[in-house]
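> need a structure here:
(one chain, ligands or ions: 3)
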Amino acid sequence: MSQTLRIAGGTLVTEREAIPRDLLIQDGRVQAQLPPNEFAAVDEILDARGRYVLPGLIDPHVHFNSPFMGTVTVHDYYTGSRAAAFGGVTCFIDFSTQVKGASLLENLAQKEEEATGRALIDWSMHGILLDADEHTVSEIPRLIEAGCPTFKCFTTYKAAGRMVDDYAILKLLKPIADNGGMLMVHCEDDALIEFYRTRELDAGHVAPIYHARSRPPIVENEAIRRLSILVAQIPTPTYVVHTSTKESVALVHAARERGLPFHSETCTHYLALTEEALTRPNGEMFICSPPLRSAEDVEALWRGLAENKIEVVSTDDAGVPTADRLRLGGGRFDRVPNGMPGIEPRLFLLYSLGVLPGRITMPQLVAQSSTNAARLFGPYPRKGNLEPGADADVVIFDPTPQWTMSAGTLHMNTDFCPFEGIPVTGRVETVFSRGEVIIRDGELVAPPGRGQRVRRALDSKQTL
Ligand code: URP
Ligand code: ZN
Ligand code: ZN
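Ligands and ions are numbered 1, 2, ... in the order given. The predicted model follows:
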């Protein structure tokens, strides 16, 4: 008989409530949730008094080992999954970018090789589609069959060879819908960006803040609005990644109200930072797309979370080596590789900036950082909840320690922390991944390579 562990005395948080419940774990799975005074014979008891007990966080948007704009992102499967574990993340979904002319299935196999022996926690993969050619379309059912049912495309980054046009999106919708997949879209209108970018450069405006000026909110809003019209032609589950504007919340919600299976996420950096960061002496470090926005947009995003109009908070972890930022940027906003690191701090920021000031509740934190992603992307009910039978991916979160966020207090593979100097409350004390302790008392105790690939299938009934 295998060992049984009781996590006792904590406050269990689900997507619905925060209640005093003990958790019984056996064979890597949750065996039961028990009222604190109910007896059960166990081998070991872990004292969680004064702590929150949460399902492991899921990050459905990270870019590990990803070549982009002349550089490669800072995290690989080891360094990224290690930082993730310190932040209470027990599953992440990375992207496998199509290489033109090559097989998407081969790309997926290559990513699997990258993860083997390195990933510390469970992981999965979305495909990135760069075209809607016959061959690409023909591979969609095979990828879905292989456990990769979600596909991202970009409406911008034309110069980097990533953009797909409206007709390509229309051609992708049917094979994705027919085979039980979901389309994810980076929504920014490339023509508008080109227009504003040229205008700023012609005026001699090269500083980082002009990254935001060259991608004003209309750039994102117009792309979301048009996407909703495209999706209305062939209703297909669609997920708008990294929304950042006030209007995006209303646009996605309105599409859903019209009956479209339209979903959205925002990211931690759009909740914690404003475009002011782009005016700092190291402003180029904050260049990401869509850009950081106004304080009014930040508040609207928090309201969108409070009203459950935005379903997921991801990180879009895509840190760029500092030297490459400076070298490739060469003093021009439009040449700086886009993206910021963020896989680790999401829980602390959501708790400190969201729950403590009353912008969201603890159950919403759990829903938006774990359960909703599990439902939308497929691993539910195995992940994203702590009902009996679920993987014992558990975070014990101490909500009292106060500390200041900085590159030195985090474990990401970078000397740059976008949230440097932000005072936060709460610490990840213990993390279980499939019942194994991977973080104990804030220390990493698990070897690389123990993470498993999660083969996903979307459940069309799991609507939110
Ligand atoms: O600036 C960003 N977001 N970089 C990562 C790639 C993407 O667009 O998601
Ligand atoms: Zn993107
Ligand atoms: Zn991204």
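
> mind listing what the residue nearest the centre of the chain touches?
Nearest to the mean C-alpha position of the chain, counting by C-alpha atoms, centre = their mean, stands Ser314 at 2.6 Å. Shown in contact with Ser314 (C-beta atoms under 8 Å, 6 or more residues apart in numbering): Asp59, Pro60, His61, Val62, Val241, His242, Glu265, Thr266, Cys267, Ala373. Placement of C-beta: from N, CA and C, glycine included.

> Please spell out the PyMOL selection for the buried subset of those.
The buried subset of those, as determined by 16 or more other C-beta atoms under 10 Å, is captured in PyMOL by this line:
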select buried, resi 59+60+61+62+241+242+265+266+267+373
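
> Residue numbers of the stretch 101-250 of the chain in contact with ligand 1?
Proximity of the stretch 101-250 of the chain to ligand 1 is confined to His186, His242 under the rule C-beta under 6 Å from any ligand atom.

> Backbone dihedrals for the residue in the stretch 101-250 of the chain that ligand 1 sits nearest to, both of them.
Residue of the stretch 101-250 of the chain nearest ligand 1, by C-beta to the nearest ligand atom: His186 (5.0 Å). Main-chain torsions, His186, degrees, to the nearest 10: phi -80, psi 110.

> Including secondary structure and pLDDT, could the contacts of Ser314 go into TSV?
Formatted as TSV, these follow (DSSP: H, G, I helix; E, B strand; the rest coil; pLDDT from 0 to 100):
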residue	secondary structure	pLDDT
Asp59	strand	98
Pro60	coil	98
His61	coil	98
Val62	strand	98
Val241	coil	98
His242	coil	98
Glu265	strand	98
Thr266	strand	98
Cys267	strand	98
Ala373	helix	98
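
> need the residues of the stretch 301-450 of the chain near ligand 1, please.
With C-beta under 6 Å from any ligand atom as the criterion, the stretch 301-450 of the chain comes near ligand 1 at residues Asp316, Ala318, Asn338, Gly339.

> Just flag the most distant two among these.
The span of these, defined through C-beta to C-beta, is set by Asp316 and Asn338 at 9.8 Å.

> any common contacting residues for the two?
Cys288.

> which residue does the stretch 351-464 of the chain bring closest to ligand 1?
Taking C-beta to the nearest ligand atom, the stretch 351-464 of the chain has Pro418 as its residue nearest ligand 1, at 11.6 Å.

> What about the residue nearest to that residue when sequence neighbours are not counted, how many residues nearby?
The shortest distance from Pro418 to any residue other than its chain neighbours is 4.8 Å, reached at Met340 (C-beta to C-beta, 6 or more residues apart in numbering). Neighbours of Met340 under the rule other C-beta atoms under 10 Å: 26.

> likewise Ile343?
Ile343 has 34 nearby residues by other C-beta under 10 Å.

> With just CA atoms, put stretch 186-197 into PDB.
The C-alpha trace of stretch 186-197 is given here as PDB (Å, rounded to 0.1, in the frame of the first residue of the first chain):
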ATOM      1  CA  HIS A 186      -2.200  37.500 -31.300                       C
ATOM      2  CA  CYS A 187      -4.400  40.500 -32.300                       C
ATOM      3  CA  GLU A 188      -2.600  43.600 -33.500                       C
ATOM      4  CA  ASP A 189      -3.300  45.200 -36.900                       C
ATOM      5  CA  ASP A 190      -0.100  45.100 -38.900                       C
ATOM      6  CA  ALA A 191      -1.100  47.900 -41.300                       C
ATOM      7  CA  LEU A 192      -1.900  50.300 -38.600                       C
ATOM      8  CA  ILE A 193       1.400  49.500 -36.800                       C
ATOM      9  CA  GLU A 194       3.300  50.100 -40.000                       C
ATOM     10  CA  PHE A 195       1.500  53.400 -40.500                       C
ATOM     11  CA  TYR A 196       2.200  54.700 -36.900                       C
ATOM     12  CA  ARG A 197       5.700  53.200 -36.800                       C
END
